[in-house]
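[1] how would this look folded up:
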Amino acid sequence: MQTRSLPTVLITGSSGFLGQAIARGLLGRYRVIGLDVAQPKSAIEGMDTLEIDLTSDDSVVQTMEKIRARTGDRIASVIHLAAYYDTTGEDNPKYDAVTVQGTRRLLDALRTFETEQFVFSSTLLVHAPSPEKGVKINEDWPLDPPWAYPRSKAETEALIAERRGGIKTVILRLAGVYDEDCRAVFIAQQIARIFERLPTAYLFTGDITHGQPYLHLGDLVDAVVRVVDRRAELPDETTFLIGEEETASYQELQEHIGKLVHGETWRTLSLPKGIVKLGTWVQDEVLGADADIRSWMVENSDDHYELDISRARTLLGWKPRHSLSGTLPEMIGRLKADPTAWYARNKLEPSAVAASEPELEAAEKRLRGPLERSKEEVDAALERHRSFTLWAPLTNAVLGLWLIVSPFAYGLFDPVAAPVPPALGHEIAAPAIRDAWMGVSEIVSGLLIIVFALWGMYRRWRWAQWLTAAVGVWVLFAPLAFWTTSAAAYGADTLIGMLVVAFAVMVPPTPGISRRALAADDDLPLGWSYSPSTFTQRIPIIALAFVGLFVSRYLAAFQLGHIDGLWDPFFGPGASPMKNGSEAVVTSWVSKGFPIADAGLGAFAYVLDILAGAIGDRRRWRTMPWMVLLFGLLIIPLGLVSVSFIIIQPPLIGALCTLCIVQAAVTVVLVPYSVDEVLASCQYLYGAKRAGEPFWRTFWRGGPSLSEDQTPKPDLDRPASAILREFVTGGVNFPWTLVASTALGAFLMFSPLVFGTAPPLYFSDHVLGCLVILVAVTAMAEVARPVRFLNVVLGAWIAASPFVLQGATSIGTAGDVFAGLLLIGLSLPRGKRSEEHYGSWDRLIV
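    Numbering: from 1, shown residues only. Predicted coordinates for the structure are as follows:
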């Protein structure tokens, strides 16, 4: 039979889940034309789809004229599925524009055709609930839609009755539709909560023995096909309740799902509605979090529905052939077989389960087989890389020669008379002896670098380049250890040490990475939307570390006696005989308590930050976990130490150092930019161990990709604007609440200038201001956002401190109380979430 000779059926919302299923059920006996605001992602063979905007009179008229040109004036049935829906429960203008007025426009246009039937997809929720269990509702049950979505459906039903003209109408009041992949929003969320063992999976509000019926997709299609087939026999206006007669309670579903997912009896605690509504309000309005439990759901949680479907039985000969309880085993089976695909099909976030047990079991099976590249292919690629970079160890050999001759160029073996270094706090050898030791160190270091660099050029001994790098690190540290009097030796060793490390283990293939780790290019951690190890992510950290290095080297030069003074535009020396606050702080008893110049130690740490940040490629979170964790250990503790040093300056030293504050600010800013990579490596090590990879081998030598078929995204090979934007926002964003908290912390540090407070309250405000800044800036890393709650505790102490500590003034007391309460308020909202994902860590970004 020719398609054009078949009766025409129109389906609005045809690109959706229901529309496509119904279209497939009708094709063959009807000519099906789909109407939707957009074309389907995958077209159904035999069905044309026309684009239509139900909110536009012109669009509806033009589309209907296209249908007239294709099929003529006769339409057998119109199945109207298109409508607006969201789960907020709030009124939205789109409910009227799309659902109500869109139906009006469609009906008005259909009255110019010979339309036999108009089928409207409504919901059983237009009805008032059953008064008690065992009481079934039918189509004549009173209407009482409780929230925006069913209200829009009830309004549309009334509009259809008013404006149908001579068109026969059928109202289908449907239960929630599901299939073997679930697809039912609330059931999917319930299953997901239990699968992930979220705290909300154990909680419910209202009567846990109540529930709502559901409807299998296949049974829905069967009902719609019967409605269309019997269009001539049905009354002019007909309403059907379409759903299963079995109504499982929430408790029964919880227990059934818990047994299927985890093999255990799931316990659910019923909470009072007031508590749940308060918790929902706190989540939505105070914390700014995205909650899947809404206030309207709490309000209607006691609603119970049981259906009397006798009208559908009588007029359609229809009854459900499936049940939700009978389909759940297959539904859960598909979830367990491929959690990420199941989540994607149910419009949940797949990243949340990317590292779940089933996914890791699949990864373990995959990793037992051949990897993306064979051992031979990896070795060949390494050899090509090595052959192109043999200049690097040769360059190190040249640098080693320079170190051997440098003591004579610097005059390290010549007699020297130098003043005692300003930061020295213990007995040391005479200047000439210290420089001579330094000269011997240079010669020995140069010889070792030559030997190890040339030795490591052999393929079998590539690991020797790590020995070269270790000597380079000693070269960086040696001027501090010997308190050298030579500024030239200190400066040259800083540069040479960095170059030696770079040429040893950064330019040539980094030795020690396993072939399994290099067998794939995959660079995204499981469930992540970006790689935290791209150079776009790391360059800002390296650049900031260079700033910290320059400041620390300047301070260290004064501590070692290489320069005569320090610049400080703001702070005086206090009781110290030095010229300003910077000089007073770096020559204080705290600095003199270190065996080496503490600013030089900071410079050494910044160099290690730079080197550890630059080594490795965009996969290093899994190919070099030990390096990433070392990088994190260098940055995060260094940030804490820097802030601690600022904290102790007023109460213990009696002075403040401008350059030290700059140095601490740089270090604190490094923290949020580095924590995401550390988290990714920790997640990988945990996941790899669960997937059967040996932990310590993976830790030291890296491991294979746990995901599959990844194509790395561009890194530096992008427009400059995109690179600059990611420099600033990579893994970090700046909610105004955290920016304001940071400013409030800075304000507290200088409270005596504003409030005239005195110690010990001033010291308390200064200490708390530093900590507030550290917490707020750290929380700007999205993965560290929960850290902001520490400022709630700090805010409480700030508000209480004027009543506990002496040194307050009237305005100072009011200021501290206001600042503390303001900080608490600023620390509660999470701030807007970016579009990035971090695997299972997503749920902890509250």
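
[2] Backbone dihedrals for residue 215, please?
    For residue 215, the backbone dihedrals (degrees, to the nearest 10) come out as phi -150, psi 130.

[3] which residues in the stretch 101-250 of the chain form strands?
    Assigned by DSSP state E, counting those that start in this stretch, the strands in the stretch 101-250 of the chain fall at 114-115, 117-123, 168-174, 176-178, 203-205, 214-216, 237-242.

[4] and the fifth one, what other elements does it pack with?
    Applying 3 or more C-beta pairs under 8 Å, 6 or more residues apart in numbering; DSSP states H and E, we find strand 203-205 packed against helix 250-262, strand 269-271, helix 273-281. All C-beta spots, glycine's among them, are computed from the backbone N, C-alpha and C.

[5] mean pLDDT for the ones you listed: which is lowest?
    Sorting the helices and strands packed on strand 203-205 by mean pLDDT places helix 273-281 lowest, at a mean of 64.

[6] Go ahead and confirm residue 184 touches residue 214.
    Yes - under the criterion of C-beta atoms under 8 Å, residue 184 makes contact with residue 214 at 6.4 Å.

[7] so what sits against both of these two?
    Counting by C-beta atoms under 8 Å, 6 or more residues apart in numbering, the contacts common to residue 184 and residue 214 are 176, 177, 178.

[8] Could you single out the nearest of those to residue 16?
    Of all these, the one sitting nearest residue 16 is residue 177; the distance, using C-beta to C-beta, is 10.8 Å.

[9] one step back: so which of the shared contacts of residue 184 and residue 214 is the most crowded?
    residue 178 (23 neighbours; other C-beta atoms under 10 Å).

[10] Could you report the distance from the closest residue to it other than its chain neighbours to residue 175?
    In space, and not counting its chain neighbours, residue 178 is closest to residue 184: 4.0 Å by C-beta to C-beta, 6 or more residues apart in numbering. Here the criterion is C-beta to C-beta, to the nearest Å. By it, residue 184 lies 9 Å from residue 175.

[11] ok, now residue 198?
    For residue 198, the distance to residue 175 - C-beta to C-beta - is 26 Å.

[12] and the nearest residue in space to residue 319 that is not next to it in sequence, how many neighbours?
    Once flanking residues are discounted, residue 319 sits nearest to residue 313: 5.7 Å by C-beta to C-beta, 6+ apart. Neighbour count of residue 313, defined by other C-beta under 10 Å: 12.

[13] Hmm, residue 307 and residue 313 touching each other?
    No - under the criterion of C-beta under 8 Å, residue 313 is not in contact with residue 307, lying 11.3 Å apart.

[14] residues contacting residue 639?
    664, 667, 668, 670, 671, 774.

[15] Residue 564 - that's part of a helix, no?
    No - residue state for residue 564 (DSSP: H, G, I helix; E, B strand; the rest coil) corresponds to coil; a helix is not indicated.

[16] That one: neighbour count?
    10.

[17] I'd like to know how far it sits from residue 106.
    87 Å.

[18] and what of residue 15?
    16 Å.

[19] next one: residue 634
    65 Å.

[20] same thing with residue 581?
    On the measure of C-beta to C-beta, residue 581 and residue 106 end up 76 Å apart.
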